[in-house]
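Engineer: fold the following.
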Amino acid sequence: MAHFNRLVDVGGCSGSFSVAALSRYPHMQGVVFDLPKLEPFLQSRAREFGLEARLSFKPGNFFSDPLPKGDLYALGYIL
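Structural biologist: Numbers count the residues shown, from 1 in each chain. Got it, this is the predicted structure:
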């Protein structure tokens, strides 16, 4: 997976998939794309796992807003 550098966790809430991926692949950056009210949960998880520099949040609605750019997209519990 060395050629994947940026994971977008669509509808990722607190970032469970992102945390797992970034913990396994230290070269990756991650962004959770979800509703604005969920940002505090993601920030808390990033701090909890020491990923503040590599895990960010992009507010939006995946039904109506364009997805952030990434090399890899996770669509976990939304399907």
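Engineer: measure the most centrally placed residue in the chain to residue 25 for me?
Structural biologist: By CA atoms, centre = their mean, the mean C-alpha position of the chain lies nearest to residue 32, the distance being 2.8 Å. Applying CB to CB, to the nearest Å, the value for residue 32 to residue 25 is 16 Å. The way it works is simple: take the backbone N, C-alpha and C, and place the C-beta from them, glycine included.
Engineer: repeat for residue 54
Structural biologist: According to CB to CB, residue 54 and residue 25 sit 10 Å apart.
Engineer: again, but for residue 70
Structural biologist: Distance, residue 70 to residue 25, by CB to CB: 13 Å.
Engineer: residue 77 - nearest residue in space that isn't next to it in sequence?
Structural biologist: Counting by CB to CB, 6 or more residues apart in numbering, residue 77 lies nearest to residue 11, which is 7.4 Å off, once chain neighbours are set aside.
Engineer: residues contacting that neighbour?
Structural biologist: Going by CB atoms under 8 Å, 6 or more residues apart in numbering, residue 11 touches 33-34, 62, 75-78.
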